[in-house]
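Below is the sequence, then the predicted model.
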Amino acid sequence: MAQRSNLASMSVEALLKLRDDIEDVLTRKAEQLRTQLSRLGDESASRKKGGGSALKGRKVAIKYRDNAGNAWAGRGAQPVWLRERLKAGAKLEDFAVGGQATARKKAGRRRRAKK
């Protein structure tokens, strides 16, 4: 409460100088924080570079293809063209490339051990 009465008794010039001083201090603090954040961002970016999946972004062999040239690797959601044909009565094996996709389906999947 002593500060309020002290501010109220200050002249306009003194208040303007105080405001400028506060602005200078806040600007320096903001610059320090920006510098710290950029350093933290650089550190986290360097950590992320080596931590990705080894399989991410790799191309996968096509497992299913139709006569129109549509293809699906068997990963992710089924594409619309395949889903529509399956609803119309076709079988997934009809679109298998080289018959290997059906053999894997019947054999079941096994998980690989982590290296």
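Here it is on my side, so go on.

only C-alpha atoms for contact and neighbour calcs from this point on.
Will do.

And the helices in the chain?
For the chain, helices defined by DSSP state H occupy the ranges 2-8, 12-50, 80-87, 100-107.

domain assignment for this protein?
Domain assignment for the chain by automatic domain parsing gives 2-50, 64-107.

just for the protein, where's the confidence low?
1-5, 44-52, 99-111, 113, 115 (pLDDT under 70).

Residue 64 - how many residues pack around it?
Using other Cα atoms under 10 Å, the number of residues around residue 64 comes to 21.

Hmm, it is touching residue 73, no?
Yes: using Cα atoms under 8 Å, residue 64 is in contact with residue 73, at 6.4 Å.

Please identify the deepest-packed of the domains of the chain.
domain 64-107 (a mean of 13; mean count of other Cα atoms under 10 Å).

Run the chain-centre distance for that one.
29 Å (Cα atoms, centre = their mean, to the nearest Å).

before we move on, what about stretch 26-44?
Worked out by Cα atoms, centre = their mean, stretch 26-44 lies 23 Å from the chain centre.

Then stretch 60-78?
On Cα atoms, centre = their mean, the centre of stretch 60-78 falls 25 Å from the chain's centre.
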